[in-house]
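Asks: sequence and predicted model, in that order:
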Amino acid sequence: MHWLYLTSVWIHILAATIWIGGMGFLVLVVVPWMRRGNRAAGAAILAETGARFRAVGWVCFGVLLLTGTVNLWARGVRLEDFTSAAWRQSPLGSAVLWKLAVFSAVLLLSAVHDFHVGPAATAAIQLDPDGPGSERLRRQASWMGRVNAVLALLLVALAVVIVRGW
């Protein structure tokens, strides 16, 4: 059974790495390049890379949810623990609850960014690269991406806390 836990942890870390690395690539490479050049051409590239990464990111979210559940189960956490005040107040319980809360926020923010604001910003930039509407949506999408990146790093920190303690 230990091999199942180790495999699940490995897959969990791999999915987190792919998701966070992909966000880093978009934020640190694609978006700055887009700002320096032709915005309309950059928006087309961002639309394509964003759509491809969106699919990868949501698969990673599913994998993270599944492997995270397996990892908690392997560490002895059961569904009924979530109803126990003593467990919720324990170091492990509080770390797990914080991680689940941040992960939920990431899912919500990602859904709004990936399915509404991001595509709207890309379409607006393609239609009118320097228009006020495209600039507003671009800034909104950019800030959502930055907040999600910070939350992703917080998730990594909380993962360390779950394993190593506060």
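Replies: Structure's in. What do you need? For clarity, every value in this text was computed on a predicted model and none was experimentally measured.
Asks: neighbouring contacts of the least confident helix or strand in the chain by mean pLDDT?
Replies: The helix or strand of the chain with the poorest confidence is helix 31-36; it has a mean of 77 (mean pLDDT, DSSP states H and E). The contact list for helix 31-36 (CB atoms under 8 Å, 6 or more residues apart in numbering) reads 42-43, 45-46, 142, 145. Glycine gets a C-beta too; all of them are placed from N, C-alpha and C.
Asks: which of these are buried?
Replies: By the neighbour-count criterion of 16 or more other CB atoms under 10 Å, those include these buried positions: 42-43, 46, 142, 145.
Asks: burial of residue 31, as a residue count?
Replies: Using other CB atoms under 10 Å, the number of residues around residue 31 comes to 16.
Asks: make that residue 133, sorry
Replies: Other residues within reach of residue 133, judged by other CB under 10 Å, total 13.
Asks: likewise residue 14?
Replies: Number of residues near residue 14 (other CB under 10 Å) recorded here: 13.
Asks: that one: what's it in contact with?
Replies: For residue 14, no contacting residues are found, by CB under 8 Å, 6+ apart.
Asks: run the chain-centre distance for the helix or strand hosting it.
Replies: Element membership for residue 14 (DSSP states H and E) is helix 2-25. Relative to its chain's centre, helix 2-25 lies at 12 Å (CA atoms, centre = their mean, to the nearest Å).
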